[in-house]
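# need coordinates for the following:
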Amino acid sequence: MTYSPIFVSLGKKRYVGGTITEDNGKDISGATYTMALGASGETPPSTGWVTPSVNIAGATSASRVLKLLIDNTTPVGTYWVWANVVDNPEIEPVVLQGPVPVQ
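Numbers count the residues shown, from 1 in each chain. Down below sits the predicted model:
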């Protein structure tokens, strides 16, 4: 899947992300969420995890809509948008979107 470039050199801002869903239907509405931009769609980033810019309920209690604001402070590059559910037991980070070119 490909996405349109985000032109940060023009000072524009864009939200990236998507819906995260717990596969077994477990209620994740009370969990804590973090997001990060990674250089790979295979390996989660080790740093840069932040609170989502948008965090709203999904269609069920097992889903959440998470978005991250990309602005002109983001270095030029190609990124994958990762999400992490801080829950018990811990859910592995997942890719929500990517690759996302920032130009």
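
# what segments of the protein are strands?
Here the chain has its strands, by DSSP state E, at 14-21, 32-38, 54-57, 63-70, 77-86, 94-102.

# neighbouring strands for the longest one, and are they parallel or not?
On the basis of DSSP bridges, the sheet neighbours of strand 77-86 come out as strand 32-38 (antiparallel), strand 94-102 (antiparallel).

# returning to what we had before: distance to residue 8 for the strands of the chain - can I get that in CSV?
Bear in mind the C-beta positions are built from the backbone N, C-alpha and C, glycine included. CSV is the format used below for these (distance: least, CB to CB, whole Å):
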stretch, distance to residue 8
strand 14-21, 8
strand 32-38, 12
strand 54-57, 19
strand 63-70, 7
strand 77-86, 10
strand 94-102, 5
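
# now tabulate those strands in CSV and tack on mean neighbour count.
Below are the strands of the chain laid out as CSV (neighbours: other CB atoms under 10 Å):
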stretch, mean neighbour count
strand 14-21, 18
strand 32-38, 19
strand 54-57, 12
strand 63-70, 20
strand 77-86, 20
strand 94-102, 18
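
# ok so, going back, which of the strands paired with strand 77-86 sits closest to residue 22?
Set against residue 22 and scored by CB to CB, those come closest in strand 94-102, at 10.5 Å.

# quick one: the closest one to strand 14-21, angle?
In terms of direction (axes from the mean of the first three to the mean of the last three CA atoms, to 10 degrees), strand 94-102 departs from strand 14-21 by 160 degrees.
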